[in-house]
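need the 3D shape of this:
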Amino acid sequence: MNAPVSAAGKPRFDDTISAQGREISRKLNLLRLETFPPDATKTLRDFSLAEAAYFLGVSTSNLKKLHLEGKAVQPTVHAGGRRSYSAEQLWELRHWLDRHGRSESKKYVPYRRPGDKLQVIAVVNFKGGSGKTTTAAHLGQHLALTGHRVLAIDLDPQASLSALHGVQPELDRFPSIYEAIRYDDERKSVAGVIRKTNFPGLDLIPASLELQEYEYDTPLAMQNKASLDGKSFWNRIESALQEVDDSYDIVVIDCPPQLGYLTLTALAAATSVLITVHPQMLDLMSMSQFLLMLGDLLKTVNRAGGDVDLDWFRYLVTRYEPTDVPQAQMVGFMQSILASQMLQNQMLKSTAISDAGLTKQTLYEVERSSMTRSTYDRAIESMEAVNSEIRNLIHTAWGRRPKIDGSLNAVFSQ
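As a prediction, the model looks like this:
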């Protein structure tokens, strides 16, 4: 690829990086078309009997009995009698169990009940590389696999969450959340920018570079109050979500790694906040600055009429290596200050996550047999522990009892 040359005979920086960006995008699209079908629609692997039982909250013996009695959905039976279920079958089976379950007290479909408010979780950090997008992606998928109706919103113009769900914005040209929060007459209904994913129960609003326009548009709109339609900038995501409030139980927002108008708009819509942090000194120093600035900005928003009222907020330690003494010391330091706001479980650093990401997959999508099993088992157990703890926080906010999950060692090793 030849770089454009300026009048001085040197390559022009703007032309060079634009050309390189186009070339990288083209090669990534070729890789995507090799990995996925020609229409770039992602598929999803089947789940083993043990995995299905775990996500449904039943025993493997009960699932086997349903199969032998010819009830509910019938799994695929492999050589040796091994059974597996598609994600669609899990969704159908969950609803069958809810209708035919013997215990009235046990509900298999954990939808919101009358009086339960939509839970909106903003996943934030001021510093890139903290595992924010990885956390948001796996959390949304876990909640869908456990029966919730989930909307994932990619609010980061870099669109990493979108890419994990098979969307390449600069080529696919799908509308982003920007279309539902923009200030001009071209604003669309949020329902028109929602896309289905390969996970039943999980929908996505992709991101695009156009989202960056919101950071430029907002100061101008604040000067021209007529363009705000009687509402301030921080109400725009909250107002957009009201249009689809009845369709979802939980919204997971992957915020950009900066404290701008997009992040503030997400926080104003949030009922809970998850702050990811890598346990290193520089990351902790960066987070302290983030918290100081965020506190000052939210006070300004509150004085201006914005209402940031949270059911809970938590710090999640990510990319954690327990055998790394300095990291363990940082976690101890955080626990001494933030004990009541820290998740009890940490997301361990694992090559399984990065290996899955090479093919734009998550731990829930990748085949366990495609990597070292002990590496996969350690990563998925850590991820499930974190996600289950967050799920319990959501259910507690709805006034439900926390659910105690069984050991994952026996589940994902089968």
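
quick one: the helices in the stretch 251-400 of the chain?
261-269, 281-303, 325-338, 351-357, 373-397 (DSSP state H, counting those that start in this stretch).

give me the residues contacting the shortest one.
Taking Cβ atoms under 8 Å, 6 or more residues apart in numbering as the criterion, the residues outside helix 351-357 that touch it are 134, 164, 362-363, 365-366, 370-371, 375-376, 378-380. Just so you know, the C-beta spots here come from the backbone N, C-alpha and C atoms, and that holds for glycine as well.

again, only using 7 Å
134, 362-363, 365-366, 371, 375-376, 379 (Cβ atoms under 7 Å, 6 or more residues apart in numbering).

how about CSV for those, with neighbour count and distance to residue 74 added?
Formatted as CSV, these follow (neighbours: other Cβ atoms under 10 Å; distance: Cβ to Cβ, whole Å):
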residue, neighbour count, distance to residue 74
134, 25, 35
362, 19, 27
363, 25, 27
365, 20, 23
366, 21, 26
371, 17, 30
375, 15, 33
376, 24, 28
379, 24, 31
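
what residues go with each domain of the protein?
Listed by automatic domain parsing, the domain ranges of the chain are 47-100, 119-412.

what separates the last one from the chain centre, distance-wise?
Going back to what we said before, that points to domain 119-412. Averaging C-alpha positions (Cα atoms, centre = their mean, to the nearest Å) puts domain 119-412 5 Å from its chain's average.

among the domains of the chain, which is nearest residue 108?
Across those, residue 108 has its closest neighbour in domain 47-100 (4.3 Å, Cβ to Cβ).

the closest one: end-to-end distance?
22 Å (Cα to Cα, to the nearest Å).

relative to the whole chain's centre, how far out is it?
26 Å.

which parts of the chain are strands?
47-48, 76-77, 83-85, 119-124, 150-154, 195-196, 202-205, 250-254, 272-277, 312-317 (DSSP state E).

name the residue closest to the centre of this structure, please.
A centroid search over the chain (Cα atoms, centre = their mean) returns residue 136, at 2.4 Å, as the residue closest to the centre.

rewinding a little: could you dump the helices of the stretch 251-400 of the chain to CSV with mean pLDDT and distance to residue 130?
Formatted as CSV, the helices of the stretch 251-400 of the chain follow (pLDDT from 0 to 100; distance: least, Cβ to Cβ, whole Å):
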stretch, mean pLDDT, distance to residue 130
helix 261-269, 90, 14
helix 281-303, 80, 7
helix 325-338, 90, 13
helix 351-357, 89, 13
helix 373-397, 95, 14
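
can you tell me which of those helices is most buried?
helix 261-269 (a mean of 24; mean count of other Cβ atoms under 10 Å).

and that one with strand 150-154, angle?
150 degrees (axes from the mean of the first three to the mean of the last three Cα atoms, to 10 degrees).

what helices or strands is helix 261-269 leaning on?
Identification of packing neighbours for helix 261-269 by 3 or more Cβ pairs under 7 Å, 6 or more residues apart in numbering; DSSP states H and E yields strand 119-124, helix 212-223, helix 236-242, helix 281-303.

how about CSV for the ones you listed, with distance to residue 44 added?
Shown next, in CSV, are the helices and strands packed on helix 261-269 (distance: least, Cβ to Cβ, whole Å):
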stretch, distance to residue 44
strand 119-124, 22
helix 212-223, 31
helix 236-242, 26
helix 281-303, 33
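
right, and these - which one's nearest residue 263?
Nearest of the helices and strands packed on helix 261-269 (Cβ to Cβ): strand 119-124, 6.2 Å.

got a list of contacts for the closest one?
Against strand 119-124 from outside (Cβ under 7 Å, 6+ apart): 132, 135-136, 241, 249-255, 263, 266-267, 269-276, 394, 397.

residue 58 is nearest to which of the strands of the chain?
Relative to residue 58, the nearest member of the strands of the chain by Cβ to Cβ is strand 83-85, separated by 12.0 Å.

neighbouring strands - and their directions - for the closest one?
Paired neighbours of strand 83-85 in the sheet (DSSP bridges): strand 47-48 (antiparallel), strand 76-77 (antiparallel).

on that earlier part again, lowest-confidence stretch among the domains of the chain?
With a mean of 88, domain 119-412 has the lowest mean pLDDT of those.

okay, now residue 323: neighbour count?
Other residues lying near residue 323 total 6 when counted by other Cβ atoms under 10 Å.

can I get the helices of the stretch 251-400 of the chain in JSON lines with distance to residue 47?
Formatted as JSON lines, the helices of the stretch 251-400 of the chain follow (distance: least, Cβ to Cβ, whole Å):
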{"stretch": "helix 261-269", "distance to residue 47": "32"}
{"stretch": "helix 281-303", "distance to residue 47": "35"}
{"stretch": "helix 325-338", "distance to residue 47": "32"}
{"stretch": "helix 351-357", "distance to residue 47": "16"}
{"stretch": "helix 373-397", "distance to residue 47": "12"}
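
and the ones you listed: which comes nearest residue 73?
Nearest to residue 73, of these and by Cβ to Cβ, is helix 373-397 at 23.5 Å.
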